[in-house]
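Novice: What follows is a protein structure lacking sequence information:
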C-alpha cells in the first residue's frame, strides 16, 4: 500500500485533480443555475480531496499498473475520478428525483 503522507506535491495533485473532475462534471451535465453549479463544484472538490487516494489506488490496481505510476499520478487520477463521479451520480439522482416528484 502506498504511503501518501502529507507531501505538498500530493496535496497539489489532489486539488488539481479534484478541480478538474468537478469542472468536467459541470460541463458534462450542465447545472440549472449558479447555486447548483457552486454546490456541485464544492461537492466534487470535497469528494476528490477525501476519496482521491483510495480511488487512485483502486483504479491502478484494477488496471494492473500498480508499479508504473508515481504517487502524484495515482493521486491526480483518483481525485479527478472521485470528483467527477461524485456529482455525476448525485446529479443524476437529483434529476431522477425531480422527474418522479413532478408525477404526483
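Specialist: Noted; the coordinates are in hand. Because the structure is a prediction, the values reported are computed rather than measured. Residues are numbered from 1 along each chain as shown.
Novice: Any stretches of the protein with poor pLDDT?
Specialist: Low-confidence segments of the chain, defined by pLDDT under 70: 1-5, 91, 102-104.
Novice: Tell me which residue is most central in it.
Specialist: residue 83 (1.1 Å; C-alpha atoms, centre = their mean).
Novice: Now for the residue nearest to that one when sequence neighbours are not counted, how many residues are close by?
Specialist: Among residues not flanking residue 83 along the chain, residue 21 sits closest, at 2.8 Å (C-beta to C-beta, 6 or more residues apart in numbering). (C-beta placed from N, C-alpha, C; glycine too.) The local packing of residue 21 (other C-beta atoms under 10 Å) involves 29 other residues.
Novice: same thing with residue 51?
Specialist: Residue 51: 20 neighbours (other C-beta under 10 Å).
Novice: tell me the contacts of it?
Specialist: Contact analysis of residue 51 by C-beta atoms under 8 Å, 6 or more residues apart in numbering lists 78-79, 82, 86.
Novice: go with 10 Å
Specialist: Contacts for residue 51 (C-beta atoms under 10 Å, 6 or more residues apart in numbering) come out as 14, 18, 58, 78-79, 81-83, 85-86.
Novice: So which of those residues sit within helices?
Specialist: 14, 18, 58, 78-79, 81-83, 85-86 (DSSP state H).
Novice: and the two most separated of these?
Specialist: For those, with distances taken as C-beta to C-beta, the pair at the greatest spread is 18 and 58 (16.4 Å).
Novice: Tell me which of those two has more neighbours.
Specialist: More crowded of residue 18 and residue 58, by other C-beta under 10 Å: residue 18, with 30 against 15.
Novice: mind checking how far the more buried one is from residue 50?
Specialist: Here the criterion is C-beta to C-beta, to the nearest Å. By it, residue 18 lies 9 Å from residue 50.
Novice: what residues are shared contacts of the two?
Specialist: Contacts common to residue 18 and residue 50, judged by C-beta under 10 Å, 6+ apart, are 79, 82-83, 86.
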